[in-house]
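> Fold the stuff below for me.
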Amino acid sequence: MSTSANPAFASLSPAVQVNLHVSLKIAQTMGMIVPPLYLVACLARHRPLTVRGLMKTSTNSTVIGGIVGYGIGAGYLRNEPEEKLVDRVVRLKHNAGQVRTDDYSIIGAAVGGLLSPAIFLHRAPMVLLVSGGAGIGLGAGVWVHLFQSLTKGEDIKPEAMVDEITNNKP
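From the prediction side, this is the model:
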């Protein structure tokens, strides 16, 4: 979110922009990890796999991840000087890989939110299908970006992704 060129986000304080960025990163991470783990857990426990369960798990994990991410961001930024926050926002806006990751995940969320009701109509409530599909799409967008970066030969460093979340310089 903070990497957006949208004037509505640019008008927010740097602390809020960085908090929104951390919130998006944690939500993306939850969207990448939790839905596949739910599928594996259902298969391993020999429990029935339901669309309602998958969508509920995806929605809950993404929303909770976003809320926790905002809290993590607020905790890290509590004592940061304004200049450091402004520098962070500028670096985020000009980091092409970061902007591309965010774009892919947001597009994935939109597509997932539209496709899941079309595919699974009447298998779960519409609100759950849209929100769960968006959560799955959020993570899928990041997976697509990572796969595309790897196939292009770009260097993917997990420690750089962790530094991005914990407010260190990338």
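
> the helices in the protein, which residues?
7-10, 14-44, 51-77, 82-94, 96-120, 126-151, 158-165 (DSSP state H).

> Go ahead and flag the most central residue of this protein.
Residue closest to the average C-alpha location in the chain (CA atoms, centre = their mean): residue 28, at 1.9 Å.

> Would you mind confirming that it makes contact with residue 140?
No. With contact defined as CB atoms under 8 Å, residue 28 does not count as touching residue 140 (10.1 Å). All C-beta spots, glycine's among them, are computed from the backbone N, C-alpha and C.

> Poorly predicted segments of this protein, please.
Along the chain, segments meeting pLDDT under 70 span 1-7, 157-170.

> ok, how many other residues are close to residue 123?
When neighbours are counted by other CB atoms under 10 Å, residue 123 registers 15.

> My error: substitute residue 76 in the last question.
Using other CB under 10 Å, the number of residues around residue 76 comes to 16.

> Test my guess that it contacts residue 21.
No. At 11.3 Å, residue 76 does not count as touching residue 21 under the criterion of CB under 8 Å.

> Just the buried residues of stretch 48-67, please?
51, 54, 55, 56, 57, 58, 59, 61, 62, 65, 66 (16 or more other CB atoms under 10 Å).

> Once you drop chain neighbours, what's closest to the second one?
The spatially closest residue to residue 54, leaving aside those adjacent along the chain, is residue 38, at 5.9 Å (CB to CB, 6 or more residues apart in numbering).

> what sits against that neighbour?
Applying CB atoms under 8 Å, 6 or more residues apart in numbering, one finds that residue 38 lies in contact with 53, 54, 57, 58.

> residues contacting the first one?
Read it as residue 53. 38, 42.

> ok, back up a step: would JSON lines of the contacts of residue 38 with distance to residue 70 be doable?
Converted to JSON lines, those look like this (distance: CB to CB, whole Å):
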{"residue": "53", "distance to residue 70": "26"}
{"residue": "54", "distance to residue 70": "25"}
{"residue": "57", "distance to residue 70": "21"}
{"residue": "58", "distance to residue 70": "19"}
